[in-house]
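*Asks:* Sequence and predicted structure below; questions after.
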Amino acid sequence: MRTIAHVLRAAAALGLGLAFLLPIYIAFVTSLDRPQDVFVYPPHLVPDWNFSVWVQTWRGNTWMLAIINTVVIALATIAIALTTTVLCAYALVYVPFRGKAVVWTALLAVLMIPEQALLIPNFVTMAKLHLVDTRIAQIIPYGASVFGVFLLRQHLLTLPREYHDAAKIDGCGHLAFLWRIVLPLSRPILFTIALYIFIGCWNSLIWPLMVTSSPRVQPIEVLLSTFLTQDSSNWQGLSAAAMFATLPMIALFVLFRKPILRGLSKSSGING
Amino acid sequence: MSVIDAFLRSTAQTAAEPSPGPSRLREGILAACLLAPAFLFLVAFVYAPAVLAFALAFFNFHPGGTATYAGLSNFHAALSDPLFWRSMANTGLYALMMVPSTLVLSVALAALLQSNRRLFRFAQSLVVLPYITPAVGTAIGWLWMYNPNFGILNALLRGIGLKPIGWLNSPHWAMPAVVLYSLWHGIGFDVLILLSAMSQVPEGVLESARVDGAGPWTRLFRITLPLISPTLFFIAVMTTIGSLQAFAQVYALSLSSGGPENATLTALLYIYQQAFTDGQFSYAAAMAAMLVVCIFAVTALTRWIGHRFTFYQ
């Protein structure tokens, strides 16, 4: 009896997992079908491996440029946000100063302000700075990551306090300590934070949609949404384009499953 | 929000530190220099805009043009705009469907998937995967599944002898269809943090309950769930806040229209349309201000309810 229950539970778990994959798989099949197999009933579930729609869709729009834009925006955001995060978290953990509580409250307030309320004023700021429809406008609003500061600070607090004291006695200054000890010991958590910034940039929609208007600077999700709203009956083309946006994230997940899942569970660690 | 409680608690850990006398000023300057870059960005793109957002609502502002004081007229206009009310009602309806179904489903999935065996870990990964995929990219597959004539969902309904549904073409079913998509997209995160909370429930407690004759259901409902109630509460709050800010999913599934018949026009989608399709910046800012007030109010209410039903060790 118990073995039957175990097998049933395992089968249910596997079936459920595969069901979660179904919506992506359906788009995958549609994009690779011969045109006569798309509008059929019952739905087609095994692809024809006909890559002509992929080729046609890829050539029909500036996907490569959109992917380059996305990666450039993501890498620049990572470079800036990781720098500000490291400096800020270091100060909070290793430098004694008055007003630390005020700084904390200010960081905490950021979590309570919905990003959506900031969209319109930020657009006005960008317009004043003549940065509308640029890549910079998609980078600088995310130059500080409060989530990153929180994760890194949690990590730094777990490092033995003695490292800092020993370094101090040996005459190692703050910057040397940060560069030689803290950074090498924080590599995994910094990598996790960078991954999250990358995923966030790849998937971000509303702000790039507002602040850009030309494909020259638009990231992939925006180009895809333009395609979707303008050509919504081109099912095969849309499905192929959806694969261009989705498959890189799936690849990222397969490659870096552990750090990604670690980051997700850590954000539950924020919860008390 | 327990995120904030944790923040407050951790403040206490670091605030009181002995600081040696002579180097104090130097350390203060160092701290200011280290904090400056992060706060430069936060002031420019969070704190100042948060203040500006409210100010904008009291003016009639056109980008590139002039701003004239408008008093409360933008708020009056919104309150007598039936579409604003419709969008707020849609948002509320969406949250009312999302929060209970997220809680029930994530607990069910976590209970089913809790195991360290490889097959279960694989299934956990598949459930989490949608969470990191782009909303528009995955919505396309769903649009196809929801297709009334050729979609797999209606094929399933026909297969078991039920009448097909109009899904996104039907004003009645469009919002539930958006909810189903959002559950698929977001529940992996909730399942994962539930699994991590469940793994911290002391094995001894569960074991002694088992010895005393408690079955798996009793152990789940009487021991595990009460012990992880702070996590359940966290999920409820996060889902509530996230639902009130619904945008990408309705933008993609309704092809940016909020249709059919405005059935999926959420508050944020309407604000977006007003600001960026019609150029009504101040009007949009007034509605955004009201949405933010609603979000704060609902969050406070959820916290108040949550604290009464949450078990803290």
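*Replies:* That came in fine, so what should we check first? Numbering: from 1, shown residues only, chains lettered A, B, ... in the order given.

*Asks:* can we go C-alpha only for contacts and neighbour counts from here?
*Replies:* Will do.

*Asks:* for chain B, what are the nearby residues on the stretch 51-200 of chain A?
*Replies:* A:81, A:84-85, A:87-88, A:90-93, A:95-98, A:100-101, A:104-105, A:108, A:110, A:113-114, A:116-118, A:120-122, A:124, A:127, A:140-145, A:199 (CA under 8 Å from any CA of the partner chain).

*Asks:* Would you mind listing what in the stretch 201-313 of chain B touches chain A?
*Replies:* Residues of the stretch 201-313 of chain B lying near chain A (CA under 8 Å from any CA): B:230-231, B:234, B:245, B:247-248, B:252, B:255-256, B:268, B:275-276, B:281, B:285, B:288-289, B:292.

*Asks:* Apply 7 Å and report the result again.
*Replies:* By the rule CA under 7 Å from any CA of the partner chain, the part of the stretch 201-313 of chain B lying against chain A is B:234, B:248, B:255, B:256, B:276, B:285, B:288, B:289, B:292.

*Asks:* okay if I get those as JSON lines plus neighbour count and pLDDT?
*Replies:* Formatted as JSON lines, those follow (neighbours: other CA atoms under 10 Å in any protein chain shown; pLDDT from 0 to 100):
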{"residue": "B:234", "neighbour count": "22", "pLDDT": "85"}
{"residue": "B:248", "neighbour count": "22", "pLDDT": "88"}
{"residue": "B:255", "neighbour count": "19", "pLDDT": "86"}
{"residue": "B:256", "neighbour count": "22", "pLDDT": "84"}
{"residue": "B:276", "neighbour count": "16", "pLDDT": "78"}
{"residue": "B:285", "neighbour count": "31", "pLDDT": "89"}
{"residue": "B:288", "neighbour count": "26", "pLDDT": "90"}
{"residue": "B:289", "neighbour count": "21", "pLDDT": "89"}
{"residue": "B:292", "neighbour count": "19", "pLDDT": "86"}
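
*Asks:* Now intersect those with the helices, please.
*Replies:* Assigned to helices by DSSP state H, the following of these qualify: B:234, B:248, B:285, B:288, B:289, B:292.

*Asks:* Enumerate every residue touching the fourth one.
*Replies:* I take that to be residue B:288. A:117, B:271 (CA atoms under 7 Å, 6 or more residues apart in numbering or on different chains).

*Asks:* follow-up on the earlier one: state the pair within the ones in helices among the residues of the stretch 201-313 of chain B next to chain A that is farthest apart.
*Replies:* Distances among those were taken as CA to CA; the most separated pair is B:234 and B:285, at 29.1 Å.

*Asks:* hmm, stretch B:151-159 touching chain A?
*Replies:* Yes - contact of stretch B:151-159 with chain A (CA under 7 Å from any CA) involves B:151, B:152, B:155.

*Asks:* Including secondary structure, neighbour count and pLDDT, could these go into a markdown table?
*Replies:* Output for the residues of stretch B:151-159 next to chain A, formatted as a markdown table (DSSP: H, G, I helix; E, B strand; the rest coil; neighbours: other CA atoms under 10 Å in any protein chain shown; pLDDT from 0 to 100):
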| residue | secondary structure | neighbour count | pLDDT |
| --- | --- | --- | --- |
| B:151 | coil | 22 | 86 |
| B:152 | helix | 23 | 87 |
| B:155 | helix | 21 | 87 |
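
*Asks:* from those residues, which is closest to residue A:57?
*Replies:* Proximity of the residues of stretch B:151-159 next to chain A to residue A:57 was ranked by CA to CA; the top entry is residue B:151 with 22.2 Å.

*Asks:* I figured that closest one hits residue B:145, correct?
*Replies:* Yes - between residue B:151 and residue B:145 there is a contact under CA atoms under 7 Å: 4.2 Å.

*Asks:* Quick one: distance of stretch B:244-258 to the chain centre.
*Replies:* In terms of CA atoms, centre = their mean, to the nearest Å, the centre of stretch B:244-258 is found 14 Å from the chain centre.

*Asks:* now stretch B:269-281
*Replies:* Centre to centre, stretch against its chain (CA atoms, centre = their mean), the figure for stretch B:269-281 is 22 Å.

*Asks:* In CSV, could you pull the C-alpha coordinates for that stretch?
*Replies:* The C-alpha coordinates for stretch B:269-281 follow below in CSV (Å, rounded to 0.1, in the frame of the first residue of the first chain):
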residue,chain,number,x,y,z
LEU,B,269,-3.2,49.7,-17.0
TYR,B,270,-5.7,52.5,-17.1
ILE,B,271,-3.1,54.9,-15.5
TYR,B,272,-0.6,53.8,-18.1
GLN,B,273,-3.1,54.4,-20.9
GLN,B,274,-4.0,57.8,-19.6
ALA,B,275,-0.4,58.9,-19.2
PHE,B,276,1.3,57.5,-22.2
THR,B,277,-1.4,57.0,-24.8
ASP,B,278,-3.4,60.2,-24.1
GLY,B,279,-0.6,62.3,-22.5
GLN,B,280,-2.7,63.1,-19.4
PHE,B,281,0.2,63.1,-17.0
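
*Asks:* buried residues in that stretch?
*Replies:* Residues of stretch B:269-281 classed as buried: B:269, B:270, B:271, B:272, B:273, B:274, B:275, B:276, B:280, B:281 (neighbour count, 16 or more other CA atoms under 10 Å in any protein chain shown).

*Asks:* Give me the lowest-pLDDT entry from the residues you listed.
*Replies:* Lowest-confidence member of the buried residues of stretch B:269-281: residue B:276, scoring 78 (pLDDT).

*Asks:* Give the full set of residues in contact with that residue.
*Replies:* Here residue B:276 is in contact with residue A:210 (CA under 7 Å, 6+ apart).

*Asks:* What distance do you get for the closest residue in space to residue B:260 that isn't next to it in sequence to residue B:265?
*Replies:* Leaving aside its sequence neighbours, residue B:260 sits nearest to residue B:171 (CA to CA, 6 or more residues apart in numbering or on different chains; 5.5 Å). Residue B:171 sits 11 Å away from residue B:265, going by CA to CA, to the nearest Å.

*Asks:* ok, those two, which is more surrounded?
*Replies:* residue B:265 (30 against 16; other CA atoms under 10 Å in any protein chain shown).

*Asks:* Wasn't that one part of a strand?
*Replies:* No - judged by DSSP: H, G, I helix; E, B strand; the rest coil, residue B:265 forms no part of a strand; its state is coil.

*Asks:* Isn't it up against residue B:258?
*Replies:* Yes - between residue B:265 and residue B:258 there is a contact under CA under 7 Å: 3.9 Å.
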